[in-house]
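1. sequence isn't available, so here's the structure alone:
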Ligand SMILES: Nc1ncnc2c1ncn2[C@@H]1O[C@H](COP(=O)(O)OP(=O)(O)OP(=O)(O)O)[C@@H](O)[C@H]1O
């Protein structure tokens, strides 16, 4: 009951939103689609949930073809779209009852699937959805996407705009759902969340750059990376960009990540160069590649 995407392409006038996208998700897998805004993630979700038709290629979800079996797909998948899609004027309970009813079920029938999420918002069940906090809205949207017991769950940027504690809680919930046999495709622009998936696909400008487990993906990083800091980060970046041997330079949290073109890189030489550029308190330390570094390298 996994998912197969074969050579899917979709354009909007001049924009190639998806170009020959191919990947397979195993039954019960938690698969991440990682990419920046505009990478094509939502377009892919819309195709896989039968809301949009691809120009080329084919796809099956839980064994159903997205074109021929679109009705079966709609009954067997749950979709949590990126933008809050619930009825703002209905209460928590009314929203959930509404989604249960359109799928011909009741809250009671599949309560065990949503229970540990729903109990967190149940005390506010008479509150209108429009008046909920970001984290509560997200939990309600997840309950609504689950109430008909889908085989495959699509989550489009479920944690965007949600505070870090709620994000962590949300991923714990996804992990618990996985133990119940639900296959999940989740998109996120957050690289730290990518590490929580079984496998990830890095996507940019409609193209898949790489597919692997989060651990293996970082092993593909081709060069040693150095964390560079000094008294003026902006000047560190401009100086490194002018350094003739740079392979890549980009801000990374409070540091700057630097890679060198040469095989025989000399830290002292770079230190002297930065000093000559007027920088002080310089540190240059080798560091391990992260998913973000891998993405930056592949996206070059
Ligand atoms: N209906 C549409 N008409 C025209 N262009 C579109 C349409 N839908 C998407 N696009 C374009 O296709 C590209 C991919 O968009 P998509 O929404 O799939 O990306 P995304 O990765 O989900 O990013 P975001 O998080 O910003 O939605 C973008 O350049 C977007 O502007």
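-> Great, that's in hand. Remember, predicted model here, so these are calculated numbers, not experimental data.

2. tell me which residues of the helix of greatest length in the chain come out buried.
-> Longest among the helix segments of the chain by residue count, using DSSP state H, is helix 164-178. Within helix 164-178, the residues that qualify as buried are 166, 167, 169, 170, 171, 173, 174, 177, 178, counting by 16 or more other CB atoms under 10 Å. The C-beta positions use only the backbone N, C-alpha and C, and glycine is treated the same way.

3. may I see these organised as TSV, with pLDDT and distance to the ligand added?
-> Converted to TSV, these look like this (pLDDT from 0 to 100; distance: CB to the nearest ligand atom, whole Å):
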residue	pLDDT	distance to the ligand
166	82	19
167	86	16
169	86	22
170	88	17
171	92	19
173	88	22
174	92	19
177	90	22
178	92	23
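
4. could you check the pLDDT of the closest residue to the ligand within the stretch 101-250 of the chain?
-> Per CB to the nearest ligand atom, residue 157 is where the stretch 101-250 of the chain lies closest to the ligand, at 5.9 Å. On pLDDT, residue 157 comes in at 92.

5. surely residue 130 meets residue 91?
-> No - with contacts counted by CB atoms under 8 Å, residue 130 stays clear of residue 91, the gap being 10.0 Å.

6. out of the two, which sits in the more crowded spot?
-> Shown here are residue 130 and residue 91; by other CB atoms under 10 Å, residue 91 has more neighbours (19 against 13).

7. do you know how far that one is from the ligand?
-> 29 Å (CB to the nearest ligand atom, to the nearest Å).

8. without its sequence neighbours, what residue ends up closest to that residue?
-> Using CB to CB, 6 or more residues apart in numbering and skipping the chain neighbours, the partner closest in space to residue 91 is residue 126 (5.2 Å).

9. my guess is the one you found contacts residue 132, does it?
-> No - with contact defined as CB under 8 Å, residue 126 does not count as touching residue 132 (11.7 Å).

10. how about the helices of the stretch 1-150 of the chain, start to end?
-> In the stretch 1-150 of the chain, the helices defined using DSSP state H, counting those that start in this stretch lie at 41-48, 70-76, 92-102, 111-121, 134-146.

11. mind listing the helices for the stretch 151-300 of the chain?
-> So, for the stretch 151-300 of the chain - with DSSP H, counting those that start in this stretch - the helices run 164-178, 191-194, 214-219, 233-242, 267-276, 291-298.

12. who in the protein is up against the ligand?
-> Counting by CB under 6 Å from any ligand atom, the residues of the chain close to the ligand are 12, 15, 17, 35, 37, 38, 39, 40, 41, 42, 43, 157.

13. just those residues now: which is nearest residue 2?
-> residue 41 (18.6 Å; CB to CB).

14. got the contact list for the residue nearest to that closest one when sequence neighbours are not counted?
-> Spatial nearest neighbour of residue 41, excluding adjacent residues (CB to CB, 6+ apart): residue 187 at 4.1 Å. Shown in contact with residue 187 (CB atoms under 8 Å, 6 or more residues apart in numbering): 32, 33, 34, 35, 41, 42, 45, 82, 155, 156, 157.
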